[in-house]
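Visitor: Everything below, folded, please.
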Amino acid sequence: MASFVAGAPTMAMGSSALPLITHAPRLKLSRPSHAIGNYGWSSSNWSGYAVTNGPYTQITGSWIVPTVTAGHGSTYSSAWIGIDGFNNSDLIQTGTEQDYTGGSAQYSAWWEILPAAETVINEPVAPGDQMDASIVNDGNGVWTITLKDVTEGWTFTTNQDYSGPGASAEWILEAPTIGGHVATLANYGETTFNPGTVNGGANPDFTTEDGGVMIQKNKQVSTPSVPDSDTDGFNVAYGPTAPSAPAS
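Guide: Numbering: from 1, shown residues only. The predicted model follows:
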């Protein structure tokens, strides 16, 4: 079942010019090749923060759409919030895509419930836009996904069936999966996730143990800051150097 505000979505695979994009569960590194400092985890496709004291029935998050720059070949990045996927194969999520393909930067919005690929939201997205998102369990297996572009002035809502356990909640900068393979992360510069809440507006109380770094080809390619002073937000930057935390 689905209801929509601000335009019906189309599947990313609906155009032959677009690759099949999936936002996969966290892919653990069997042999982490870099010290990850005080962070609690590392991954080949995720960086950011995740909390695992579920069950979680609600998550909210806000982020700034980052600006991508050219790399070697096609590169991809996604910013999103979601429930599940940290230690299981379920995942409900919504976010933005920031890719560099065909010689230019490409930006879009989407929602997804695995095992399906992303569903593109046909609304404008630009670097620097403020995004507000929420995913809420309405009961009886129905969840409401809402994504709002505050800068562009549109809101999208869909109601979907989801039966995952709600074991984790996360705020992630990801290298998505393209045609079954983890993409090379785009150089997205730096962005901010702030604030985030869980379960009716509760503070997620981030600690650095909840944070994780992304490692690709033995290089640390995405690194979050320590949590901000009120423990509900963080910055995340391309490369191995942790940025400063947001002011609050």
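Visitor: Farthest out from the centre of this structure, which residue is that? Tell me.
Guide: The centre of the chain is farthest from one residue, Asn140, which by Cα atoms, centre = their mean lies 25.7 Å away.
Visitor: Show me the residue at the heart of this structure, geometrically.
Guide: Trp80 (2.3 Å).
Visitor: Would you agree it falls within a strand?
Guide: Yes: Trp80 forms part of a strand when assessed by DSSP: H, G, I helix; E, B strand; the rest coil.
Visitor: any idea how far it is from Asn140?
Guide: Distance of Trp80 to Asn140, computed by Cβ to Cβ, to the nearest Å: 25 Å. The C-beta positions use only the backbone N, C-alpha and C, and glycine is treated the same way.
Visitor: and what of Leu185?
Guide: Relative to Asn140, and taking Cβ to Cβ, Leu185 is found at 38 Å.
Visitor: ok, now Asn45?
Guide: 32 Å.
Visitor: residues in contact with Ala175?
Guide: With contact set as Cβ atoms under 8 Å, 6 or more residues apart in numbering, Ala175 has these partners: 44-45, 76-78, 182-185, 214, 216, 221-222.
Visitor: just those residues now: which is nearest Glu118?
Guide: Nearest to Glu118 among the contacts of Ala175 is Ser78, at 8.5 Å by Cβ to Cβ.
Visitor: burial count for the nearest residue to that closest one once chain neighbours are set aside?
Guide: Leaving aside its sequence neighbours, Ser78 sits nearest to Glu174 (Cβ to Cβ, 6 or more residues apart in numbering; 4.4 Å). Neighbour count for Glu174, taken as other Cβ atoms under 10 Å: 28.
Visitor: so what's Glu174 up against?
Guide: By Cβ under 8 Å, 6+ apart, Glu174 lies in contact with His23, Asn45, Trp46, Ser47, Ser77, Ser78, Ala79, Trp80.
Visitor: who's Trp63 bridged to?
Guide: On the basis of DSSP bridges, Trp63 is bridged to Met131, Phe193.
Visitor: the bottom helix or strand of the protein by mean pLDDT?
Guide: When the helices and strands of the chain are scored by mean pLDDT, DSSP states H and E, strand 10-11 comes last with a mean of 32.
Visitor: Show me where the chain dips below the pLDDT cut-off.
Guide: Scanning the chain for pLDDT under 70 picks out the ranges 1-18, 30-35.
Visitor: secondary structure element for Val221?
Guide: strand 219-224 (DSSP states H and E).
Visitor: ok, and for the helix or strand harbouring Thr158, which residues are buried?
Guide: Using DSSP H and E, the element containing Thr158 is strand 154-161. For strand 154-161, burial by neighbour count (16 or more other Cβ atoms under 10 Å) applies to Trp154, Phe156, Thr157, Thr158, Gln160.
Visitor: I'd say the fourth one and Leu147 touch.
Guide: No: counting by Cβ atoms under 8 Å, Thr158 stays clear of Leu147, with 9.0 Å between them.
Visitor: hey, what's in contact with both of these two?
Guide: Listed as contacting both Thr158 and Leu147 by Cβ under 8 Å, 6+ apart are Trp111.
Visitor: Could you list the buried residues of stretch 127-147?
Guide: Buried residues in stretch 127-147, counted by 16+ other Cβ under 10 Å: Pro127, Asp129, Met131, Ala133, Ser134, Ile135, Val136, Asn137, Trp143, Ile145, Thr146, Leu147.
Visitor: let me fix that: stretch 175-186
Guide: For stretch 175-186, by 16+ other Cβ under 10 Å, it's Ala175, Pro176, Thr177, Ile178, Val182, Ala183, Thr184, Leu185, Ala186.
Visitor: Report the distance from it to the chain centre.
Guide: 13 Å (Cα atoms, centre = their mean, to the nearest Å).
Visitor: Can I get that stretch in PDB, CA atoms only?
Guide: Output of stretch 175-186 as PDB, limited to C-alpha atoms (Å, rounded to 0.1, in the frame of the first residue of the first chain):
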ATOM      1  CA  ALA A 175      28.900   4.000  -1.000                       C
ATOM      2  CA  PRO A 176      25.800   2.400  -2.600                       C
ATOM      3  CA  THR A 177      25.700  -0.900  -4.400                       C
ATOM      4  CA  ILE A 178      25.700  -0.600  -8.200                       C
ATOM      5  CA  GLY A 179      24.700  -3.700 -10.200                       C
ATOM      6  CA  GLY A 180      25.600  -5.900  -7.300                       C
ATOM      7  CA  HIS A 181      29.000  -4.400  -6.400                       C
ATOM      8  CA  VAL A 182      29.900  -1.700  -3.900                       C
ATOM      9  CA  ALA A 183      30.600   1.500  -5.800                       C
ATOM     10  CA  THR A 184      33.700   3.600  -5.400                       C
ATOM     11  CA  LEU A 185      32.800   6.400  -3.000                       C
ATOM     12  CA  ALA A 186      32.400   9.800  -4.500                       C
END
